[in-house]
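Undergrad: Need coordinates for the following:
(3 chains)
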Amino acid sequence: MNVRPFPQSFFDRPTLDVARELLGARLAIRDATGRIRRQAIVEVEAYDGPDDLASHASRGPTERNAPMFGPPGHWYVYLCYGMHWMLNVVTGPVGYPAAVLIRGLEDISGPARLTRQLGIDRRFDSLVANRHVGLWIEAGPAVPDAETQRLPRIGVDYAGDWAARPYRLVVSSRTVEKMGKKTHKA
DNA sequence: GGGAGGATGGAT
DNA sequence: TCCATCCTCCCA
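TA: Below you'll find the model as predicted:
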């Protein structure tokens, strides 16, 4: 296969730009037997900078959110509600806290379900997204704007004006269905 | 050392 | 609508 993982430079750009291009890209994970599983990303959320009140980074750096302040193209994985692992990829330059939360794959809806199904947890936190660590992102067929929607983020009602910003990007359900068909036929 | 709240999901 | 379940952060 001629598809290579996105390089770190791909993630060293404005968070919303990266988020948009992650729609249709492939999340790839290699299990213990060496088998690689690839699935299209269909839902993401952008968390952008120190002023974003919905972001963990809005109250400054802590031990937990340190990866958000680090280099782009690294994973930020944290536990939510004491039981759910959330998978984010860091964007933008060192010192600028931003990341994209991966919320859904073509046949797994929900950020907690996808990490559970793929066995993603704290082990990946702060690691770079590449083949060496066994979890990375590859390019996929581009998704046209007409097949996407921009919506408010989930569960951030406390974030004031930031709660309403359309930082949640999704592939329309019709297009996701088509992706599923392709996968099952293949 | 304690307590409040949280980037959820599944059952009721 | 409720609740499982626990980490993180802030305050004392």
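Undergrad: Count the residues that sit near A:Ala112.
TA: Counted by other Cβ atoms under 10 Å, the residues lying close to A:Ala112 total 17. No exception for glycine: its C-beta is placed from N, CA and C like everyone else's.
Undergrad: A:Pro152 contacts A:Pro166, correct?
TA: Yes: assessed by Cβ atoms under 8 Å, A:Pro152 is found in contact with A:Pro166 at 6.3 Å.
Undergrad: List the neighbouring strands of the strand ranked longest in chain A plus their orientation.
TA: Ranked by residue count and defined by DSSP state E, the top strand of chain A is strand A:36-48. Its sheet considered, strand A:36-48 pairs with strand A:26-30 (antiparallel), strand A:98-105 (antiparallel), strand A:168-171 (antiparallel) by DSSP bridges.
Undergrad: Let me see the contact set for the most centrally placed residue in chain A.
TA: The centre of chain A sits closest to A:Ile102, judged by Cα atoms, centre = their mean, with a distance of 2.8 Å. By Cβ atoms under 8 Å, 6 or more residues apart in numbering, the contact list for A:Ile102 reads A:Leu22, A:Leu27, A:Ile41, A:Glu43, A:Val44, A:Leu87, A:Asn88, A:Val89, A:Pro111, A:Leu114.
Undergrad: List just the nearest of those residues to A:Arg35.
TA: Among these, A:Leu27 lies closest to A:Arg35 (Cβ to Cβ), at 14.7 Å.
Undergrad: how much space between the closest one and A:Leu105?
TA: Plainly put, A:Leu27 is 6 Å away from A:Leu105 if you go by Cβ to Cβ, to the nearest Å.
Undergrad: The closest residue to A:Leu151 other than its chain neighbours - how many residues pack around it?
TA: Among residues not flanking A:Leu151 along the chain, A:Arg168 sits closest, at 4.5 Å (Cβ to Cβ, 6 or more residues apart in numbering). Burial of A:Arg168 is recorded as 19 neighbouring residues (other Cβ under 10 Å).
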